[in-house]
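In: sequence unknown, structure follows:
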Ligand code: MG
């Protein structure tokens, strides 16, 4: 399976990182070894001093496809979950300034915690899906899928122009504002519509 991540998909997050808002569609990938499942703890790697969380809605692909048109994209995912795109921000800033690829800062082992999935039909996509992150019971991030620059259907269409989507692939759809550094001892809890679906202890 493959893990795709959409970058720069919420304007308030682009602003907090000091980037320019552009409508350009950006994605990158993490390897399968990035997955962190079953609420296992996350150990901060020794080579970063600024490990940040990015809470994101995650689509699970249920049908193989290439060059998927937006109008057919809803047929290609039937579950939505919540995950964290862990990012070594210090390393990412160094790589960006030198024009180098992001694998070291984004694709490292266990950089993609994933929680329980909900059937798409349980959620109101028209109204938008609310999601949030609490750290040590304090609200740190909240977003709604309505505020995405690129919709779920657009994301599926764009990625599949370049890379064939296969059953079981995951797509992290971008993070809203509120990203910050985690500390050893933090307990992260991510929810969809106030239903906790993922928890990660930072070690
Ligand atoms: Mg992200």
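Out: Thanks, I have it. This is a predicted model, so every value here is computed, not measured. Numbering: from 1, shown residues only.
In: Contacts only, for the closest residue to residue 16 other than its chain neighbours.
Out: With CB to CB, 6 or more residues apart in numbering as the criterion, residue 16 has its nearest non-adjacent residue at 4.9 Å, and that residue is residue 177. (Glycine included, C-beta is placed from N, CA and C.) When contacts are counted by CB atoms under 8 Å, 6 or more residues apart in numbering, residue 177 touches 10, 12, 13, 15, 16, 141.
In: Name the nearest residue to the first one, sequence neighbours excluded.
Out: Nearest residue to residue 10, sequence neighbours excluded (CB to CB, 6+ apart): residue 176, at 4.4 Å.
In: Any chance of the backbone angles for that neighbour?
Out: Per-residue torsions, residue 176: phi -80, psi -170 (degrees, to the nearest 10).
In: burial of it, as a residue count?
Out: 24 (other CB atoms under 10 Å).
In: so it touches residue 145, yeah?
Out: No. Look at residue 176 against residue 145 with CB atoms under 8 Å: they stay out of range, at 9.9 Å.
In: give me the residue from this protein nearest the ion.
Out: Residue nearest to the ion within the chain (CB to the ion): residue 85, separated by 3.5 Å.
In: Could you give the number of residues near the residue nearest to that residue when sequence neighbours are not counted?
Out: Nearest residue to residue 85, sequence neighbours excluded (CB to CB, 6+ apart): residue 54, at 4.2 Å. Residue 54 has 24 neighbouring residues, counting by other CB under 10 Å.
In: what residues are up against residue 54?
Out: With CB under 8 Å, 6+ apart, residue 54 has these contacts: 13, 84, 85, 86, 87, 175, 179.
In: Kindly report the same for residue 34.
Out: 3, 107, 108, 109, 110, 111, 112.
In: Excluding residues flanking it in the chain, which one is nearest it?
Out: In space, residue 34 is closest to residue 112, 4.1 Å off (CB to CB, 6+ apart).
In: and the gap between residue 80 and residue 50?
Out: 29 Å (CB to CB, to the nearest Å).
In: Okay, and the beta partners of residue 5?
Out: residue 28, residue 172 (DSSP bridges).
In: didn't residue 109 look like it was pressed against residue 33?
Out: Yes. At 5.3 Å, residue 109 counts as touching residue 33 under the criterion of CB under 8 Å.
In: Centre of the chain to the lowest-mean-pLDDT helix or strand in the chain, how far?
Out: Lowest by mean pLDDT, DSSP states H and E among the helices and strands of the chain is helix 11-16, with a mean of 86. Counting by CA atoms, centre = their mean, to the nearest Å, helix 11-16 is centred 15 Å from the centre of its parent chain.
In: in it, what's buried?
Out: Residues of helix 11-16 classed as buried: 13, 14 (neighbour count, 16 or more other CB atoms under 10 Å).
In: quick one, phi psi at the residue in the chain sticking out farthest from the centre?
Out: Residue farthest from the centre of the chain, counting by CA atoms, centre = their mean, is residue 98 at 24.3 Å. Reported as degrees, to the nearest 10, the phi and psi values for residue 98 are phi -100, psi 10.
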